[in-house]
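K.L.:
What follows is a predicted protein model with its sequence.
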Amino acid sequence: MNKKKLGWTLVFVLLAIGSIALVLAQADNFSLRELGSMLVHAHKGWLFLAALCMLGFIVFESEALLSILKQVGEKKNQAQGFLYSAADVYFSAITPSASGGQPASAYFMVKSGIHLSVATAVLLINLVMYTLAILTIGAVCIIVAPKIFFGFNMVSRVLIVTGYVIIFFLGLIFILLLTKADMLENWCKKLYRLLGRIHLMKNPEKRMEKLHNIMDEYRDCVAKIRGHKRALISAYLWNIAQRLSQIGVAVCMYMATNGNLKLACKLLITQCFVVIGSNCVPIPGGMGVADYLMIDGYHKLMLKADATKLELLSRGMAFYVCVIISGLTFVVGYIFYRRKRRKRLMELKAKRERKWASREELN
């Protein structure tokens, strides 16, 4: 793992500590010991469901990716799909605007034998479905329960609307990149020329030739996937399930701490708005913003002290535990492929040595 990855991990840890400290500062007469006691006495069945929902955030994305890969003839198993998804979740959480998620996922796809052009197309299509899933959930929530949206304070409402608008325009950009592959290729060529002028890239012309071949494969892959509407619908539904699974963690945590079902329904919609609003700023994992929205939204449903406890428990499970599991999965996968590569190099070296030895014997 290089210094850049370790640097982003350090930034993530510092932001996490700062976010938790700010939440605790909002609570009156509250201690972490009290939170621990609350967790110990929580309903174990609901806690188990909360953990399943947290894992579902990784598993459902892996299923979405596998369903798209299958349509282009790349049949991968659940373990590989989980690794692709975990890498995306981990680096999306620790890098601004989730910019590191797709490259990390693509890295493992390529390592498992998938062409870069295919990996790019699959991840871009999944991004479109992911965006459409969030937009769908947000639209349903505002139609079904506008009172909950207007129950947030003015700052929170601005954050939620901003997040929705950003997601909408990102969705348009992703769709354009899928339908206008020539535009994507031209952007990349302009970037190569710029890097060549400032001497940050050698032989940009050769790289552009290679890019053209990759883009031809990319176009073929996108055309193949677009011809399978069932796969697109499947990926969209898996992304809906992924979002609802993440949102469901807060509901399960609330029920585990003696919540009532009527308020749980309102909490579900509140958490939907939180997820949308957390996309309004390019902060890793939406830290700070998500915490603020959760406290504001929960406080409308319960006492401030209870809102703080629930925020810490649900955010801890849905985000921090999920990131830790994803990070550990990434490390295991990284070590596995490094060892696999080393083993392959050693086998090639041994083969060459045997070949030279046999030639010397003949001579």
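P.N.:
Here it is on my side, so go on. Numbering: from 1, shown residues only.

K.L.:
Is Trp217 in contact with Val118, as I believe?
P.N.:
Careful, residue 217 is Glu and not Trp. Yes - Glu217 is within contact range of Val118, at 6.9 Å (criterion: Cβ atoms under 8 Å). The C-beta positions use only the backbone N, C-alpha and C, and glycine is treated the same way.

K.L.:
Tell me how far Phe60 lies from Lys262.
P.N.:
Applying Cβ to Cβ, to the nearest Å, the value for Phe60 to Lys262 is 27 Å.

K.L.:
What residues sit buried inside the helix or strand hosting Thr120?
P.N.:
Applying DSSP states H and E as the criterion places Thr120 in helix 116-144. For helix 116-144, burial by neighbour count (16 or more other Cβ atoms under 10 Å) applies to 117-135, 137-138, 141-142.

K.L.:
now do stretch 241-251
P.N.:
For stretch 241-251, burial by neighbour count (16+ other Cβ under 10 Å) applies to Ala241, Gln242, Arg243, Leu244, Ser245, Gln246, Ile247, Gly248, Val249, Ala250, Val251.

K.L.:
For the first one, which residues are in contact?
P.N.:
Going by Cβ atoms under 8 Å, 6 or more residues apart in numbering, Ala241 touches Gly56, Phe60.

K.L.:
quick one: pLDDT of it?
P.N.:
At Ala241, the pLDDT value in this model is 95.

K.L.:
Can you name the helix or strand that it falls in?
P.N.:
Going by DSSP H and E, Ala241 is part of helix 229-256.

K.L.:
quick one: that helix to chain centroid distance?
P.N.:
13 Å (Cα atoms, centre = their mean, to the nearest Å).

K.L.:
Below-threshold pLDDT in the stretch 151-300 of the chain: ranges please.
P.N.:
By pLDDT under 70, the low-scoring segments of the stretch 151-300 of the chain are 227, 284-285.

K.L.:
residues contacting Leu49?
P.N.:
Contacts for Leu49 were tallied using Cβ under 8 Å, 6+ apart; they are Gly248, Cys252.

K.L.:
Please, which helix or strand holds it?
P.N.:
Per DSSP H and E: helix 44-71 holds Leu49.

K.L.:
Alright, calling it a day.
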